[in-house]
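Participant: based on what follows, work out the 3D shape:
(chains A and B)
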Amino acid sequence: NAGVTQTPKFQVLKTGQSMTLQCAQDMNHNSMYWYRQDPGMGLRLIYYSASEGTTDKGEVPNGYNVSRLNKREFSLRLESAAPSQTSVYFCASSDRDYSNQPQHFGDGTRLSIL
Amino acid sequence: GNSVTQMEGPVTLSEEAFLTINCTYTATGYPSLFWYVQYPGEGLQLLLKATKADDKGSNKGFEATYRKETTSFHLEKGSVQVSDSAVYFCALGTGGGNKLTFGTGTQLKVEL
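Facilitator: Residues are numbered from 1 along each chain as shown, chains lettered A, B, ... in the order given. Next up is the predicted model:
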């Protein structure tokens, strides 16, 4: 009963390093999302993938890239990490990209950039 | 653009007290409205939803009614428990892509 699985759970990077956050869902959902959560700001959408083979920018895409590897997996890449990208990152999925569909969230990746 | 405004926390209540967390929204079109809950160290979980005006979402004793005339979706529970301590997020979804707009979250602390 895994749902949405994110790896790693914690990571510390130095400024300028790169890394990829992994996300996989086992619910056969079509749509997947990446958010960042910062204190006092709720969650903000970075990128989303309405279906396999498509990706689109969200509210705060600068400094990030994504890959929808297959229907199950959606990765987020930081090419050159900056301290402003210190945050908690959440991956989510939904059955369809309709506005009435609830999203299912992973437990998050806590990322610190020094 | 779309936006969600929630009351600021933390909200501290005694067990069995009545809970209200206010949420108002601004949106184009006809949004769906959601309440999510986040327990410490975990991701968000859907608590309840409403997809059209006058719908009432309910789950685990929590309720919220979609009020189009006041653009509100206030969360209520008649008797809170210590286990309800968490952060609650109001969110709306509109249009294609199912992109959610979240409020800033309200932390609830319930004490014995």
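
Participant: all helices of chain A, in order?
Facilitator: With DSSP state H, there are no helices along chain A.

Participant: got the residues of it near chain B?
Facilitator: Residues of chain A found near chain B (Cβ under 8 Å from any Cβ of the partner chain) are A:4, A:31, A:33, A:40-45, A:48, A:50, A:56, A:58, A:90, A:92, A:94, A:96-108. C-betas here are computed from N, CA, C, even on glycine.

Participant: buried subset of the residues you listed?
Facilitator: A:4, A:31, A:33, A:42-45, A:48, A:50, A:58, A:90, A:92, A:94, A:97-108 (16 or more other Cβ atoms under 10 Å in any protein chain shown).

Participant: in chain B, mark out all the strands, start to finish.
Facilitator: Under the criterion DSSP state E, chain B carries strands at the ranges B:3-6, B:11-14, B:19-21, B:23-26, B:32-38, B:44-50, B:56-59, B:62-65, B:75-77, B:86-94, B:99-102, B:106-111.

Participant: need those strands in a markdown table (columns: mean pLDDT).
Facilitator: Formatted as a markdown table, those follow (pLDDT from 0 to 100):
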| stretch | mean pLDDT |
| --- | --- |
| strand B:3-6 | 94 |
| strand B:11-14 | 96 |
| strand B:19-21 | 97 |
| strand B:23-26 | 96 |
| strand B:32-38 | 95 |
| strand B:44-50 | 95 |
| strand B:56-59 | 96 |
| strand B:62-65 | 98 |
| strand B:75-77 | 98 |
| strand B:86-94 | 93 |
| strand B:99-102 | 89 |
| strand B:106-111 | 96 |
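
Participant: how about those, which one is nearest A:Pro83?
Facilitator: Evaluated over these, closeness to A:Pro83 peaks at strand B:99-102, with 23.3 Å, by Cβ to Cβ.

Participant: okay, now the sheet partners of the closest one, with direction.
Facilitator: strand B:86-94 (antiparallel) (DSSP bridges).

Participant: run through who's touching the partner strand.
Facilitator: A:42-43, A:99-101, B:2, B:4, B:6, B:9, B:21, B:23, B:25, B:27-40, B:44, B:47, B:73, B:75, B:99-103, B:105-108 (Cβ atoms under 8 Å, 6 or more residues apart in numbering or on different chains).

Participant: low-scoring pLDDT stretches of chain A, where are they?
Facilitator: A:1 (pLDDT under 70).

Participant: residue boundaries of the strands in it?
Facilitator: Counting by DSSP E, chain A has strands at residues A:4-7, A:10-13, A:19-25, A:31-37, A:43-49, A:56-57, A:64-68, A:74-78, A:87-94, A:104-105, A:109-113.

Participant: which one of the ones you listed is the most hemmed in?
Facilitator: Of all those, strand A:31-37 has the most neighbours on average by mean count of other Cβ atoms under 10 Å in any protein chain shown, namely a mean of 26.

Participant: packing partners for it?
Facilitator: strand A:19-25, strand A:43-49, strand A:64-68, strand A:74-78, strand A:87-94 (3 or more Cβ pairs under 8 Å, 6 or more residues apart in numbering or on different chains; DSSP states H and E).

Participant: A:Arg77 and A:Gly63 touch, don't they?
Facilitator: No - applying Cβ atoms under 8 Å, one finds A:Arg77 not in contact with A:Gly63, separated by 9.9 Å.
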